[in-house]
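1. Coordinates for the following, if possible.
(2 chains)
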Amino acid sequence: MTVLTAILPLVILILIFGVFIFMVRLTRKFATPKVTHWLLFIYIGVLLLGTVFVPFIIDDSLSQKGMEKAIDTDRELSGLYTKLNEGEIDQIDAKYLMKESSFSNYQNQSIRVESSNNDSSQIFVERKANNDDTIEAFIFGNGLIIDGYDFSRKLKPYHLELMKNTLTINLPQQQDINLIITKADFPIRQFTGESIINPSFSTGDQVVYLRIPNHLELIAGNHVFLEFIEK
Amino acid sequence: MSLTSVNLWETVKKQYFFKLKANIDAFSSLIGIQLLALLFSFGGVGSVGMGGGNFSINIKYYSADLVIGFTLIWAFVTAIVITTKPYRNHDFTFVTNRLSSSLSNILYLLTASIVGSITAILAGNLLKILAHILLDDQIYSFNTGLQELVMGIGVTILYVFFVTSIGYFIGTLVQESKLFIILIPVLFFGILFLEASMQKEPFLINVFKFYGMESTLFLFIIKVIVTVAVFFTAAISILNRMEVRR
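-> Predicted structure coming up:
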């Protein structure tokens, strides 16, 4: 399929060129070409060339969740939070993991967790069985779904910063995401039920999941809500 | 009495090819109008803004909607123009009657609809390329399947041909009596204002719903074909009643 997709535009291009040459010869044989003929030929030629090149400029790698799955977004999210609560992050779909970082060689006995989010941040904390002096951090997000398509990669994840004995969760700066989306024309939308007026849209907060050494004491800063996992 | 019998379809065919050649300049205006529509579509045919948390999203939608809309206007005007006297007089170059003239006109309008629709749908791709080059931004596409392309062209042909049938009918009415130049707009806007003052749902909305909101392809095709047949039959009947060379 991929090979076909790659070759098809080339084949079409050669065909168009062939047809164009044929038409020009045919026109010369039977009639004196008028300006309108040339205009039409050039215009149709440009349109066909455009059609051939469009697949190269369009990002069709969007993972379409499909209508059925988009409807189930709430159920999927509820599953994500259940797994986070139970500390089963290995079973969480990779698409929800936005960032993974690790702070090794942390030998202090306590750590303060601060957040730049004034609306309170929910942080899941899992104590490891051993003391390996390493803090592992995972940032999960339920992504950005527009019209059933996943634009999660457009969202910037929280940035974690460890300074002395304080781990700060920094929210990304205000993000202005501009998307250019091509939609089917109205004669097609009429039968597919698509709309360009009311796109479905779903997104949610990012969640931080920390795996800390067993002995480490956590101190919650302002607007930080720690939820310890009991396995 | 003529010694040579003339086959109707032969005459229609001759007139059709003649009209295609004689009215080729209509296609220049099609190109012009589609390029104008492309220019207007450049800012997107729709845009939606939304926000959440610490981000805001602005979506610009691109499609060939405006190009198709402009093509419909072009088709409507072209259909009216070919009913005017100078164009009708072309027919008298051939052995002709009103029926063969109308049939060749319908074939010409069908060809114009096909050319107009294909170029309109393909112009959508040109718009995407221009947006990519000039806006220097990634373009996301939801639908680019071949099946949708074929369906899009097919349905657009039906829409354009439908509009040409209305234009041809109106043009014919005007040729019958110049009174219709005033009567048709008065009726059109009069009904709109009357229904608005009576706080009734406008008739045009119902017409739009009948065709534009039909989500079953088969039913849509039937509706359009029947309507087109009615308009063209009515136009042919009116033209048949006309005096020769009127």
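2. Sketch out the low-pLDDT regions of chain A for me.
-> Judged against pLDDT under 70, the low-scoring parts of chain A cover residues A:1-13, A:15-17, A:19-33, A:59-77, A:119-120, A:204, A:231.
3. Quick check: next helix or strand after the longest helix along chain B?
-> With DSSP state H setting the assignment, residue counts place helix B:98-135 as the longest helix in chain B. For helix B:98-135, the following helix or strand on the C-terminal side (DSSP states H and E) is strand B:139-141.
4. so how many other residues sit close to residue B:229?
-> 11 (other C-beta atoms under 10 Å in any protein chain shown). (C-beta placed from N, C-alpha, C; glycine too.)
5. repeat for residue B:14
-> Counted with other C-beta under 10 Å, the neighbours of residue B:14 add up to 17.
6. Mind checking what secondary structure it has?
-> Residue B:14 carries the three-state label helix when classified by DSSP: H, G, I helix; E, B strand; the rest coil.
7. ok, back up a step: return the set of buried residues in the longest helix of chain B.
-> When burial is assessed from 16 or more other C-beta atoms under 10 Å in any protein chain shown, helix B:98-135 yields the following buried residues: B:98, B:100-110, B:112-113, B:115-132, B:135.
8. Now do the strands in the chain.
-> I went with chain A, as the question did not name one. Counting by DSSP state E, residue ranges of the strands within chain A are A:58-59, A:97-103, A:110-115, A:121-127, A:135-141, A:144-146, A:149-150, A:159-163, A:166-170, A:175-182, A:201-203, A:206-212, A:217-220, A:224-228.
9. not quite, I wanted chain B
-> Residue ranges of the strands in chain B, as given by DSSP E, are B:46-52, B:55-62, B:139-141.
10. how about those in a markdown table, adding mean neighbour count and distance to chain A?
-> Compiled in a markdown table, those are given as follows (neighbours: other C-beta atoms under 10 Å in any protein chain shown; distance: least, C-beta to the nearest C-beta, whole Å):
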| stretch | mean neighbour count | distance to chain A |
| --- | --- | --- |
| strand B:46-52 | 14 | 4 |
| strand B:55-62 | 19 | 4 |
| strand B:139-141 | 19 | 4 |
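11. Might one say that residue A:184 is in contact with residue A:194?
-> Yes: using C-beta atoms under 8 Å, residue A:184 makes contact with residue A:194 at a distance of 6.1 Å.
12. Looking only at neighbour counts, state which of those two leads.
-> Ranked by neighbour count (other C-beta under 10 Å), residue A:184 and residue A:194 place residue A:184 first, with 25 against 16.
13. distance of that one from residue B:49?
-> When C-beta to C-beta, to the nearest Å is applied, the distance between residue A:184 and residue B:49 equals 22 Å.
14. Equivalent analysis for residue A:210, please.
-> Following C-beta to C-beta, the distance that separates residue A:210 from residue B:49 is 35 Å.
15. Next: residue B:23.
-> Going from residue B:23 to residue B:49 by C-beta to C-beta gives 45 Å.
16. ditto for residue A:203
-> Residue A:203 sits 14 Å away from residue B:49 when distances are taken as C-beta to C-beta.
17. ok, now residue A:117?
-> Residue A:117 is 23 Å from residue B:49, by C-beta to C-beta.
18. same thing with residue B:233?
-> Following C-beta to C-beta, the distance that separates residue B:233 from residue B:49 is 49 Å.
19. can you pull the contacts of the residue most central in space within chain B?
-> Of all residues in chain B, the one closest to the mean position by C-alpha atoms, centre = their mean is residue B:160, 2.9 Å from it. Contact partners of residue B:160, counting by C-beta atoms under 8 Å, 6 or more residues apart in numbering or on different chains, are B:71-72, B:75, B:112-113, B:116-117, B:120.
20. Apart from its neighbours in sequence, what residue is nearest it?
-> Distance criterion C-beta to C-beta, 6 or more residues apart in numbering or on different chains; nearest residue to residue B:160, sequence neighbours excluded, is residue B:113 at 4.0 Å.
21. Out of the strands of chain A, which gets nearest to residue B:41?
-> Go through those one by one with C-beta to C-beta and the one that ends up closest to residue B:41 is strand A:175-182, at 11.1 Å.
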